[in-house]
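Asker: give me the fold of what follows.
(2 chains)
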Amino acid sequence: AQSVTQPDARVTVSEGASLQLRCKYSYSATPYLFWYVQYPRQGLQLLLKYYSGDPVVQGVNSFEAEFSKSNSSFHLQKASVHWSDSAVYFCALSMGYKLTFGTGTSLLVDP
Amino acid sequence: ETAVFQTPNYHVTQVGNEVSFNCKQTLGHDTMYWYKQDSKKLLKIMFSYNNKQLIVNETVPRRFSPQSSDKAHLNLRIKSVEPEDSAVYLCASSLQGWNSDYTFGSGTRLLVI
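Answerer: A predicted model of the protein is given here:
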């Protein structure tokens, strides 16, 4: 069955440290993958997306993600986090007419 | 400004009442969606419409009904709300329906007491 797994419910990092948020997917066809961020009391905002081509995709606010077909993964990374990056991050898989989300990772950046 | 707009932001109601939420997008997109986000932040699709046609209808209680007057509007009505309907309801749109990225509204928070 198609699914998205985010194994880390909460991640805490210090400001200026590097970050990786993990995402694993299960899908039999070519995956269309997304990362969204949700700040408190707001909707979701698109960070980046992968359709095909270069497995490393760049997004907004210096985020990037690497697609790995062999590992069925789409991990989100950032070289140096800022306190304003504290939010909930969702990995998502498009399956035609619907977007299926992982359970989210709550990121807390210690100032 | 082009975006997805939802009203109201917040609504408190009693069990058994009827509520309606509005959603409008000014992006010129063809497809609109309703998602439910529960208290644990889990996101579940409820409905999606493409050019006013219902294309996805997940397993939701029959008291929920979407209403689309044109492709820029998708409202959600809940007849006789129950406590488990307390959640944030997120409206979204996409340029095309198939494998597209979404633009979300800021959500309507419903509290059923």
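
Asker: mind listing what residue B:18 touches?
Answerer: Neighbouring residues of residue B:18 by Cβ atoms under 8 Å, 6 or more residues apart in numbering or on different chains: B:77-81. Placement of C-beta: from N, CA and C, glycine included.

Asker: grab the nearest non-local neighbour of residue 17.
Answerer: I'll assume chain A. residue A:81 (6.1 Å; Cβ to Cβ, 6 or more residues apart in numbering or on different chains).

Asker: hmm, I had chain B in mind actually
Answerer: For residue B:17, ignoring the flanking residues on the chain, the nearest one in space by Cβ to Cβ, 6+ apart is residue B:81 at 5.7 Å.

Asker: by mean pLDDT, point me to the weakest helix or strand of the chain.
Answerer: With no chain named, the answer covers chain A. One helix or strand of chain A scores below all others by mean pLDDT, DSSP states H and E: strand A:98-101, with a mean of 91.

Asker: chain B is the one I meant
Answerer: Among the helices and strands of chain B, strand B:53-57 carries the lowest confidence by mean pLDDT, DSSP H and E, at a mean of 86.

Asker: quick one: whatever helix or strand comes next after it near chain A?
Answerer: Using DSSP states H and E, the next helix or strand after strand B:53-57 towards the C-terminus is strand B:64-70. No. Contact of strand B:64-70 with chain A is not found when judged by Cβ under 8 Å from any Cβ of the partner chain; the minimum separation is 14.0 Å.

Asker: now for strand B:64-70, which elements pack on it?
Answerer: strand B:43-50, strand B:73-78 (3 or more Cβ pairs under 8 Å, 6 or more residues apart in numbering or on different chains; DSSP states H and E).

Asker: who's the closest spatial neighbour of residue 26, skipping the chain neighbours?
Answerer: Here I'm looking at chain A. residue A:3 (4.7 Å).

Asker: not what I meant, chain B
Answerer: residue B:2 (4.8 Å).

Asker: ok, residue A:6 - how many residues close by?
Answerer: Around residue A:6 sit 18 other residues, with neighbours defined as other Cβ atoms under 10 Å in any protein chain shown.

Asker: for it, give its distance to chain B.
Answerer: Using Cβ to the nearest Cβ, to the nearest Å, one gets 11 Å for the distance from residue A:6 to chain B.

Asker: wait, that residue sits on residue A:102?
Answerer: Yes. If you go by Cβ atoms under 8 Å, residue A:6 and residue A:102 touch, sitting 3.8 Å apart.

Asker: what pLDDT does the model give residue B:98?
Answerer: In this model, residue B:98 is scored at 77, pLDDT.

Asker: any regions of chain B where pLDDT drops low?
Answerer: Along chain B, no part satisfies pLDDT under 70.

Asker: in it, which residue sits nearest chain A?
Answerer: Minimum separation of chain B from chain A (Cβ to the nearest Cβ) falls at residue B:104, amounting to 3.6 Å.

Asker: re earlier: tell me which of the helices and strands packed on strand B:64-70 is the most buried.
Answerer: strand B:43-50 (a mean of 21; mean count of other Cβ atoms under 10 Å in any protein chain shown).

Asker: shared neighbours of residue A:6 and residue A:102, anything?
Answerer: Common contact partners of residue A:6 and residue A:102 (Cβ under 8 Å, 6+ apart): A:23, A:90-91.
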